[in-house]
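1. Kindly return the folded structure for what I paste below:
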Amino acid sequence: MADSVFSGLEPAIVWRHFAVLCAMPRASKQEAPLRARLQQWAAARGLSTLIDAGGNLIVRKSASAGCEHFPGVVLQAHLDMVCQKNADSPHDFSRDPVVPVLDDGWLVAEKTTLGADNGIGVALILAALEDGGLVHGPLEALLTVDEEAGMGGARGLEAGILQGRLMLNLDTEEWGEFYLGCAGGLDVNVAGDASPEAVPADHTVFRIELSGLRGGHSGVDIHEERGNAIKLLVRVLHELAADMPLRLADLQGGSARNALPREAWATVAVPAGMAGRLDGLLAGIEAVLRSELQGVDEGLRLVLSASDATQLMAPADQARWLTSLHAAPHGVHRMSRKLPGVVETSNNLGMVDVRPTGAACNFMVRSLLGSGALALAEEIVSLWALSGIRAEKDGFYPGWAPNPASPLLKLCQSVYRRDFAADSKVQVIHAGLECGIIGDQYPGMDIVSFGPTIRGAHAPGERVEVASVERCWHLLRGILQEIR
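-> Sure thing, here's the model as predicted:
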């Protein structure tokens, strides 16, 4: 990747590290090469490193002279990124670098995710480890793995391995806000077998593709009621099936459990004599859906093209899967009564893979309340039980309970007010952060989260505001130098 896009960006010490992250593949569960490179980088600078049982990289930097008695601080971010791309992009996340461009003060990846979530947080931490002019107490960098695919690194974090009792998480996405709590959640995984049948000789096969949606982060953006490509395409198929004998060969959509699905497609067969009606029916449905999504996802497109298939899902199995997917919940389930304007409980139908021989889908459930997450997950399991299809709960993780009396929060607010001549906001985020899991392992740890302004995380076109990164660096240095 050409470094020219980073030339002249400030602070150079941060952007230099982010450029390295852009150049290296770092999908969830594939962070080992990046982790090894960072471990070598740290060791070359005399910093102690270790990889714990969870696969997380921990780097320790000794306190500045005379600051050895200051409280230890953990700086935390995750190494992996959500790998999403537009259907027309040839990008291969296993080998190709992310190629950002500058656009009116924003660094953006145009057809892929950028990885600013959480690459900017990692870059800020590496800059703090490198900065020889920073005066600070003992520092520990906790760079976790597998956050985006189930928080595996945080779950595997060894108890007692961290020495600091203050933690700054750098994984939130709105400059000027300090986060003090987040949702927990779990997954519901659905899977079942099906019986295939041959395509009748008098049927014509087509591909129906739904695209053009914005997608986004299934926690941060869920309240905006953006379109879910899976739910919308299932609705399209449901309406077509009410008009003609439609048979399903496959249905696929979404590629990440924590991203709102932007695209979905289905291969279907209809009696040859009815095939000529499909264009008109789809045009009418597209107009209705665009009208419903006006101001939110008006780019929706339905495209019909010729296709082929040798097998179809048996009618009884097709009815069970399409009916259950049509009835399945998605989106905001309940708003918080304690925190006005904050989503309490939601779920994302993030991935589906339906084939003639079997099918599977995933729901990611989030809630500020553990009981709320479990209750909604049980409802989803019960829905699929009515269809005789197996659904299992998996990977529950706790939320991060707010502590408004946090001394670290008060210090962060004071530094912000001093350095930016304005008051910051305190928020609770519906997205999942690793803070709750880490806090469970380390009771009493005082945790605050902040970060630069990032838009479109978990979707192609993800962008980060360049000026807010510089402000974050200034704030991080200021906070570390005030902790006594």
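
2. What number of residues are in the vicinity of Glu209?
-> Neighbours of Glu209 under the rule other CB atoms under 10 Å: 18. For glycine as for every other residue, the C-beta is placed from the backbone atoms N, C-alpha and C.

3. Run through who's touching the helix or strand it falls within.
-> Secondary-structure assignment from DSSP states H and E places Glu209 in strand 203-211. If you take CB atoms under 8 Å, 6 or more residues apart in numbering as the criterion, strand 203-211 is touched by 87, 199, 229, 232-233, 236-237, 247, 249, 253, 262-272, 275, 278, 282, 300-309.

4. Got a quick PyMOL command for the buried subset of those?
-> The PyMOL command for the buried members of those (criterion: 16 or more other CB atoms under 10 Å) is given here:
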select buried, resi 199+229+232+233+236+237+247+249+253+262+263+264+265+266+267+268+269+270+275+278+282+300+302+304+307+309
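
5. Parallel or antiparallel, list what pairs with the strand holding Glu209.
-> Strand 203-211 has the following strand partners under DSSP bridges: strand 264-271 (antiparallel), strand 301-306 (antiparallel).

6. Next secondary structure after it?
-> Using DSSP H and E, the helix or strand that follows strand 203-211 in sequence is strand 216-217.

7. Let me have the strands paired with strand 203-211 in JSON lines, extended by distance to Val448 and mean pLDDT.
-> Output for those, formatted as JSON lines (distance: least, CB to CB, whole Å; pLDDT from 0 to 100):
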{"stretch": "strand 264-271", "distance to Val448": "39", "mean pLDDT": "98"}
{"stretch": "strand 301-306", "distance to Val448": "43", "mean pLDDT": "98"}
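
8. His326 is nearest to which of the ones you listed?
-> Checking those against His326 by CB to CB gives strand 264-271 as the closest, at 13.1 Å.

9. downstream neighbour of that closest one in the secondary structure list?
-> Where DSSP H and E defines the elements, the next helix or strand beyond strand 264-271 is helix 278-292.

10. just the angle between that following helix and strand 264-271, please?
-> 140 degrees (axes from the mean of the first three to the mean of the last three CA atoms, to 10 degrees).

11. And the contacts of helix 278-292?
-> 206, 208, 227, 232, 235-236, 239-240, 243, 270, 298, 300-302, 304.

12. Which residue ranges of the stretch 351-484 of the chain form helices?
-> Ranges of helices in the stretch 351-484 of the chain, per DSSP state H, counting those that start in this stretch, are 370-386, 407-420, 435-441, 466-482.

13. looking at the ones you listed, which is buried most?
-> Highest mean neighbour count of these: helix 435-441, a mean of 21 (counted as mean count of other CB atoms under 10 Å).

14. which residues touch that helix?
-> By CB under 8 Å, 6+ apart, helix 435-441 touches 76, 142, 151, 154-155, 157, 159, 167, 169, 182, 184, 397-401, 445, 447, 449.

15. same thing but at 7 Å, please
-> For helix 435-441, contacts defined as CB atoms under 7 Å, 6 or more residues apart in numbering pick out 151, 154-155, 157, 159, 167, 169, 182, 184, 397-400, 445, 447, 449.

16. Stretch 77-87 too?
-> Against stretch 77-87 from outside (CB under 7 Å, 6+ apart): 26-28, 31, 34-35, 91, 93, 111-113, 115, 117-119, 121-122, 125, 143-148, 153, 170-171, 211, 255-256, 258-259, 263, 434, 458-460.

17. count of residues packed around the residue nearest to Ser307 when sequence neighbours are not counted?
-> With sequence-adjacent residues excluded and distances taken as CB to CB, 6 or more residues apart in numbering, Ser307 is closest to Arg207, at 3.9 Å. Residues contacting Arg207 under the criterion other CB under 10 Å number 17.

18. Residues in a beta bridge with Arg207, which ones?
-> Thr267, Ser305.

19. pLDDT value on it, please?
-> Looking at Arg207, its pLDDT stands at 98.

20. Let me know the distance separating it from Asp279.
-> Computed as CB to CB, to the nearest Å, the Arg207 to Asp279 distance reads 13 Å.

21. Equivalent analysis for Ser4, please.
-> Counting by CB to CB, the gap from Ser4 to Asp279 is 46 Å.

22. which one of those two has more residues nearby?
-> Asp279 (12 against 8).

23. pLDDT value on that one, please?
-> For Asp279, the model assigns a pLDDT of 96.

24. do Ala87 as well
-> Here the pLDDT value assigned to Ala87 is 82.

25. I'd assumed it was in a helix, is it?
-> No: secondary structure of Ala87 (DSSP: H, G, I helix; E, B strand; the rest coil): coil, not part of a helix.

26. Roughly how far does it sit from Arg301?
-> 11 Å.

27. same thing with Phe70?
-> From Phe70 across to Arg301, the span is 57 Å (CB to CB).

28. Kindly report the same for Gly478.
-> According to CB to CB, Gly478 stands 47 Å off from Arg301.

29. With Ser255 instead?
-> Applying CB to CB to Ser255 and Arg301 gives a distance of 18 Å.

30. With Leu339 instead?
-> Counting by CB to CB, the gap from Leu339 to Arg301 is 37 Å.

31. what's the answer for Asp171, then?
-> Distance from Asp171 to Arg301, by CB to CB: 33 Å.

32. What of Met274?
-> In terms of CB to CB, Met274 sits 23 Å off from Arg301.

33. Who are the packing partners of the longest strand anywhere in the chain?
-> Longest strand of the chain, by residue count under DSSP state E: strand 343-355. Strand 343-355 sits against helix 229-241, strand 247-253, strand 331-335, strand 358-367, helix 370-386, with contacts defined as 3 or more CB pairs under 7 Å, 6 or more residues apart in numbering; DSSP states H and E.

34. So for Gln40, which of the ones you listed sits nearest?
-> Taking CB to CB, strand 358-367 is the member of those nearest to Gln40, at 34.8 Å.

35. Tell me which other helices or strands that closest one touches.
-> The contact analysis (3+ CB pairs under 7 Å, 6+ apart) places strand 358-367 against strand 184-193, strand 343-355, helix 370-386.

36. again, only using 10 Å
-> Here strand 358-367 touches strand 184-193, strand 247-253, helix 315-327, strand 331-335, strand 343-355, helix 370-386, strand 390-397, going by 3 or more CB pairs under 10 Å, 6 or more residues apart in numbering; DSSP states H and E.

37. Give me the distance from that strand to the chain's centre.
-> Relative to its chain's centre, strand 358-367 lies at 14 Å (CA atoms, centre = their mean, to the nearest Å).
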